[in-house]
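> this is a predicted model, with the sequence first.
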Amino acid sequence: MAPYLKYAGNEPHAGGKDNLKTDQSKLTHSFDYKGTHFVVLNTDPVSRDWSVPKAWIARDLDRVKASFAKHIFGIGHKPAHAYPKNLYSPAEDKEDGLGKLYPSDRDEFWTSLVKNKTEAMLAAHNHVYYRAKGPNGNT
């Protein structure tokens, strides 16, 4: 991964517009590879930082979509939205995605993904294959 991060330095630090209490610079970052932009997200921070740094993500995605990115992907451990237990049930009552504690932060983050035509948000927390569009469309 090191060759792709040689232009690193765009990571969110404590403070800033997201008012992060913890330094996320080693846990959340983005990089580019052959016209594709990847945003690697720390979806398991602590305290008020439980949500992803939505202002940092919005700036990052606006910048790359306006300049060159043909494809954009988000990658994190937890999904943005809870998944249903099966195809015939609603989403789980106990949210286990980014909306668990701060659903409005999750929704603002998701809006940035949709606005910038992010192709997918990949997550592995639930150990199942599940594919869906978010409530406000696409991605």
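Great, that's in hand.

> tell me the contacts of residue 98?
Residues in contact with residue 98 (CB atoms under 8 Å, 6 or more residues apart in numbering) are 43, 51, 52, 76, 78, 79, 80, 81, 105, 106, 109. In short, each C-beta sits where N, CA and C put it, glycine included.

> save these as TSV, and put in distance to residue 63, neighbour count and pLDDT too.
TSV is the format used below for these (distance: CB to CB, whole Å; neighbours: other CB atoms under 10 Å; pLDDT from 0 to 100):
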residue	distance to residue 63	neighbour count	pLDDT
43	22	21	78
51	21	21	69
52	17	27	80
76	20	21	87
78	25	22	81
79	25	22	81
80	21	22	81
81	25	22	76
105	21	18	82
106	22	23	83
109	16	23	86
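
> quick check, pLDDT for residue 33.
pLDDT for residue 33: 88.

> in this structure residue 43 contacts residue 74, no?
No. Between residue 43 and residue 74 there is no contact under CB atoms under 8 Å: 9.6 Å.

> ok, back up a step: mind listing which of the contacts of residue 98 are in strands?
residue 76 (DSSP state E).

> and the two most separated of the contacts of residue 98?
Greatest spatial distance in those: 79 and 105, 14.5 Å, computed using CB to CB.

> residue contacts, residue 128?
Contact analysis of residue 128 by CB under 8 Å, 6+ apart lists residue 83.
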